[in-house]
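Participant: take this sequence and fold it.
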Amino acid sequence: MRSRWGRPPNPRRRRLAALLVILTGLASAGCETFGRQPCDTSAEGNPTVTYAGGTTADGVYMTSPWTGPLLSWPGGQHYQLDHSLGATPSWVHAYLSFEESGLDGGVAGGGNVSLAAGNDVEILGMDDQSITVANDTCSAYWLLVVAGTGAPP
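Facilitator: Residues are numbered from 1 along each chain as shown. I've put the predicted structure just below:
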């Protein structure tokens, strides 16, 4: 029997081709099976945690002082923040830090916060009792939320 190019078939070449097909299939399956999997940021995979801490004074609610400790904010986290403002906030600001200590004046290497942007902090809802927020990323931070009922700062 001859191939369509007029040469006899090479069993070694066929085995090599079959091996390459099998290895390619295994390699692509390995990427899906053994590779890094994305985190789950869904509400179903991350039950909402109620946080009743923080302070409210002069119409302003803060989840913690600027010096911390800030709230843990891993990827997918959902919080219901009970604010005790007595009215729906007219403004909400979310700040993120890589340090739990927030603005600690440089003690222990911490000392910075930055306004959150994009889906690092999503406001899912708010009313006269609470603010619901979610981290719709796979990045971990520390969170500070400040909200008020008066004119925004």
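Participant: got the buried residues for stretch 119-128?
Facilitator: D120, V121, E122, M126 (16 or more other C-beta atoms under 10 Å). All C-beta atoms are positioned from the backbone trio N, CA, C, and that covers glycine.
Participant: that should have said stretch 100-120, apologies.
Facilitator: Using 16+ other C-beta under 10 Å as the test for burial, stretch 100-120 gives E100, S101, G102, L103, D104, G110, V113, A116, D120.
Participant: now render the residues you listed as a markdown table, adding distance to S64, secondary structure and pLDDT.
Facilitator: Converted to a markdown table, the buried residues of stretch 100-120 look like this (distance: C-beta to C-beta, whole Å; DSSP: H, G, I helix; E, B strand; the rest coil; pLDDT from 0 to 100):
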| residue | distance to S64 | secondary structure | pLDDT |
| --- | --- | --- | --- |
| E100 | 10 | coil | 90 |
| S101 | 10 | coil | 86 |
| G102 | 7 | coil | 85 |
| L103 | 11 | coil | 86 |
| D104 | 12 | coil | 72 |
| G110 | 13 | coil | 58 |
| V113 | 11 | coil | 92 |
| A116 | 15 | coil | 96 |
| D120 | 17 | helix | 96 |
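Participant: just the closest of those to W142, please.
Facilitator: E100 (5.0 Å; C-beta to C-beta).
Participant: for the closest residue to P69 other than its chain neighbours, which residues are in contact?
Facilitator: Computed as C-beta to C-beta, 6 or more residues apart in numbering, the closest residue to P69 that is not its neighbour in sequence is E100, at 5.1 Å. Residues near E100 by C-beta atoms under 8 Å, 6 or more residues apart in numbering: G68, P69, L70, S72, G110, W142.
Participant: which SSE is immediately downstream of the lowest-mean-pLDDT helix or strand in the chain?
Facilitator: When each helix and strand of the chain is scored by mean pLDDT, DSSP states H and E, helix 11-34 comes last, with a mean of 60. Using DSSP states H and E, the helix or strand that follows helix 11-34 in sequence is strand 49-51.
Participant: and that following strand, which strands flank it?
Facilitator: Strand 49-51 has these partner strands in its sheet, going by DSSP bridges: strand 78-82 (parallel).
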